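Trainee: Let me see the structure of the following:
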Amino acid sequence: MLLFVLLTIAVLSIGAIALSTRSLNAIDTTRAELAAAEERALLDAATARAIRALQYREDPLELPKTSRAQPASWQFGSSTVSIFLEREGEKFDVNASDLGVLPRFAANLALSGKSRQTVVDAITRARADHVIISDLGALLPDCERLGNGASRLARSMTIATRQRMPAGLDGAATPDQPSISEPQPSPTTTSPLLTIVTEHGGQELRTLVNVLARAPHVEIIQSTMTASTNDEVCDEGISD
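Mentor: Residues are numbered from 1 along each chain as shown. Take a look at the predicted model:
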């Protein structure tokens, strides 16, 4: 009888330990999810602030003057978010730009040599097959996708095609998109397409927007959240 009681206690103890461990893991997961949600909400708020800044020429953030090297700082509660613009018209359009200049852009990519060649081959193959590239991350090897490769790639390349940015490469106009010679709501760039980048806590939210010239209106096209830290996950490493 005593042996049976001891076995019962042992089984119950093991079950309690397992349940406690599972509960602790669930709590850790919930905390991580809550932290991620809070981080995304903060970056979304910063993006909304940036959109407002694009709508007013005299906005104190002065976003047109920003860059990755010199971002604007936006205070929200106890958090400070970095905000800056990337001009899509200055990047290599993987769907439309001249392939002759691709090696020059690829040479400046902050990726491993093998990854740069993978990107070049993927773009060249897609052009030959007349396939529209809709995701820059799909151009990368798996090792780069696990880190911040897509973010690094987006600093020099864009998926914005002539259909999405009629004034970006050749200045052509469409009925609902004025030519680049018409006044812009703010002196941002000759192309109406911009990427708003907000950074905080090692996370980066990239939001591609279309700045319409006939009104202070900003159309959101695509948002992507990635890590902005230097995650060296490829065998060759990632160059800065």
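
Trainee: And the helices in this structure?
Mentor: Assigned by DSSP state H, the helices in the chain fall at 2-55, 102-107, 113-128, 142-145, 149-154.

Trainee: Domain map for this protein?
Mentor: Here the domain parsing of the chain from the TED database is 1-89+190-227, 91-158.

Trainee: For those, please prepare TSV with the additional fields mean neighbour count and mean pLDDT.
Mentor: To be clear about C-beta, it is placed using only N, CA and C from the backbone, and glycine gets the same treatment. Output for the domains of the chain, formatted as TSV (neighbours: other CB atoms under 10 Å; pLDDT from 0 to 100):
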stretch	mean neighbour count	mean pLDDT
domain 1-89+190-227	15	80
domain 91-158	17	88
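
Trainee: OK, contacts around A50?
Mentor: Applying CB atoms under 8 Å, 6 or more residues apart in numbering to A50 gives the contacts 61, 63, 83, 85, 196, 198, 207.

Trainee: For the fifth one, which residues are in contact?
Mentor: Under the criterion of CB under 8 Å, 6+ apart, the contact partners of I196 comprise 47, 50-51, 54, 83, 85, 206-207, 209.

Trainee: switch the cut-off to 10 Å
Mentor: Applying CB atoms under 10 Å, 6 or more residues apart in numbering to I196 gives the contacts 46-51, 53-54, 63, 66, 83-86, 205-209, 218, 220, 223.

Trainee: Return the set of residues that bridge with it.
Mentor: For I196, the beta-bridge partners are L85, T207 (DSSP bridges).

Trainee: how much space between it and E144?
Mentor: Distance of I196 to E144, given as CB to CB, to the nearest Å: 23 Å.

Trainee: again with the fourth one
Mentor: According to CB to CB, L85 and E144 sit 24 Å apart.

Trainee: do the same with the last one
Mentor: Computed with CB to CB, the distance linking T207 and E144 is 22 Å.

Trainee: and if you look at the second one?
Mentor: Here the criterion is CB to CB. By it, L63 lies 29 Å from E144.
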